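Enquirer: No letters, just coordinates:
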């Protein structure tokens, strides 16, 4: 039976002798949870974990483009779509899109993630030409005028090629290379960072499939991301340029989302930086009783701070100013530089 090894992180100032740094970052651990399917978890001293697992847990993470992973990073969301769940139709014009991007940069965003296809539950696929028309001009203008670090949120190789040519510095594939395998080749020859997110099915069908898709959501998502990493590396992507995202809300029930969030630190054992995107998502509204997506910032930040305590390096968010303030205070309290 396959075993999985999860570092149990702490940011406590009373760090015991022999504790290990997590991913070269601000958290440390001296215990590891051993997980197996259909078996109760066990907790062991970190020194008893396999060498390969410890090497992946402790290795400092390489930079994502110009961004070092030694302190928390904020990715600002810029949807140039008419139908995104939170801000659809607000930034479909290039002037309003650029203005919003600049506001996010001024408020403390480290990079801007630009997407031209909604991936909310039930969303239909957008034609390649339309997706390029929505994203490439904004990327080009932002890259030239503001010298911003930009990631392109797309599942399609042709859109990725157009975005890279326009000035995108990273690719963010919500399908984890399932939708268009050629995207791995595009990422490989570009040499740019590649974010691999876990999801199932397509946005149109993923939520309907969530109830029966997993035997163990946490371990199935881990296995799915490990397979996506292998696919990317086989296509020539430098493993030091891969970032993983467990895909909260993408074909997961509320219980499955919470199971992933509770044990986020398992994904450090993949050996990659971790990105988490929970901003304004539906389960935050259900738990908090806040129906309006744009009023879920505080709940989003609460989960974001939990994620930072688990050693997560990048938060993908809408409300940059709110999250920057929360991170600054959290970092000061935890002596994170």
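Expert: In hand now; what should we look at? Since the structure is predicted, the reported quantities are computational estimates derived from the model, not experimental observations.
Enquirer: list the contacts for residue 113?
Expert: 75, 76, 77, 78, 150, 151, 152, 153, 172, 316 (Cβ atoms under 8 Å, 6 or more residues apart in numbering). In short, each C-beta sits where N, CA and C put it, glycine included.
Enquirer: Sorry, wrong one. I was asking about residue 101.
Expert: Residue 101 is in contact with 76, 78, 112, 114, 138, 142, 146, 148, counting by Cβ under 8 Å, 6+ apart.
Enquirer: Flag whichever of these scores worst on pLDDT.
Expert: Ranked by pLDDT, the contacts of residue 101 bottom out at residue 146, which has 79.
Enquirer: For it, the count of nearby residues, please.
Expert: Residues within reach of residue 146, counting by other Cβ atoms under 10 Å, total 15.
Enquirer: Might one say that it is in contact with residue 100?
Expert: No - the criterion here is Cβ atoms under 8 Å, and residue 146 misses it with residue 100 at 11.9 Å.
Enquirer: residues in contact with residue 178?
Expert: Neighbouring residues of residue 178 by Cβ under 8 Å, 6+ apart: 199, 228.
Enquirer: So for residue 291, what pLDDT did the model give?
Expert: According to the model, residue 291 scores 81 on pLDDT.
Enquirer: Pull out the buried positions in stretch 241-255.
Expert: 241-253 (16 or more other Cβ atoms under 10 Å).
Enquirer: any idea which of those residues is closest to residue 184?
Expert: Nearest to residue 184 among those: residue 242, at 10.3 Å, using Cβ to Cβ.
Enquirer: Tell me where the stretch 51-200 of the chain has helices.
Expert: 51-58, 94-107, 128-146, 157-166, 182-190 (DSSP state H, counting those that start in this stretch).
Enquirer: Nearest to residue 222 among these would be which one?
Expert: Closest to residue 222 of those, according to Cβ to Cβ: helix 51-58, at 12.0 Å.
Enquirer: circling back to that earlier point, export the contacts of residue 113 to JSON lines and append columns for neighbour count.
Expert: As requested, the contacts of residue 113 are arranged in JSON lines below (neighbours: other Cβ atoms under 10 Å):
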{"residue": "75", "neighbour count": "28"}
{"residue": "76", "neighbour count": "26"}
{"residue": "77", "neighbour count": "24"}
{"residue": "78", "neighbour count": "28"}
{"residue": "150", "neighbour count": "25"}
{"residue": "151", "neighbour count": "30"}
{"residue": "152", "neighbour count": "29"}
{"residue": "153", "neighbour count": "29"}
{"residue": "172", "neighbour count": "26"}
{"residue": "316", "neighbour count": "24"}
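Enquirer: tell me the mean pLDDT over stretch 218-235?
Expert: Rounded mean pLDDT across stretch 218-235 is 98.
Enquirer: So which bits of it are buried?
Expert: So for stretch 218-235, counting by 16+ other Cβ under 10 Å, buried means 218, 219, 220, 221, 222, 224, 225, 228, 229, 231, 232, 235.
Enquirer: Go ahead and confirm the first one touches residue 264.
Expert: No - Residue 218 is not in contact with residue 264 according to Cβ under 8 Å; the separation is 9.5 Å.
Enquirer: Contacts for the helix or strand of the chain with the lowest mean pLDDT next, please.
Expert: Of the helices and strands making up the chain, the lowest-confidence element is helix 206-213, at a mean of 85, by mean pLDDT, DSSP states H and E. Residues outside helix 206-213 that contact it (Cβ under 8 Å, 6+ apart): 121, 122, 199, 200, 201, 220, 250, 251, 252, 253, 256.
Enquirer: Name the nearest of those residues relative to residue 31.
Expert: residue 220 (24.1 Å).
Enquirer: quick one: low-confidence parts of the protein?
Expert: Flagging of the chain using pLDDT under 70 yields the residue ranges 83-92, 337.
Enquirer: Strands of that one, start to end?
Expert: 4-7, 20-21, 28-29, 31-36, 39-45, 73-79, 111-115, 150-153, 170-173, 194-197, 242-245, 275-276, 314-317 (DSSP state E).
Enquirer: Now do the last one: which elements does it pack against?
Expert: Counting by 3 or more Cβ pairs under 8 Å, 6 or more residues apart in numbering; DSSP states H and E, the packing neighbours recorded for strand 314-317 are strand 73-79, strand 275-276, helix 297-309, helix 320-333.
Enquirer: Recalculate using a threshold of 10 Å.
Expert: strand 73-79, strand 111-115, strand 150-153, strand 194-197, strand 242-245, strand 275-276, helix 297-309, helix 320-333 (3 or more Cβ pairs under 10 Å, 6 or more residues apart in numbering; DSSP states H and E).
Enquirer: same deal with the fifth one?
Expert: Based on contacts counted as 3+ Cβ pairs under 10 Å, 6+ apart, the elements that strand 39-45 packs against are strand 4-7, strand 31-36.
Enquirer: Paired strands for the shortest one, with orientation please.
Expert: In its sheet, strand 4-7 lies beside strand 31-36 (antiparallel), with partners assigned from DSSP bridges.
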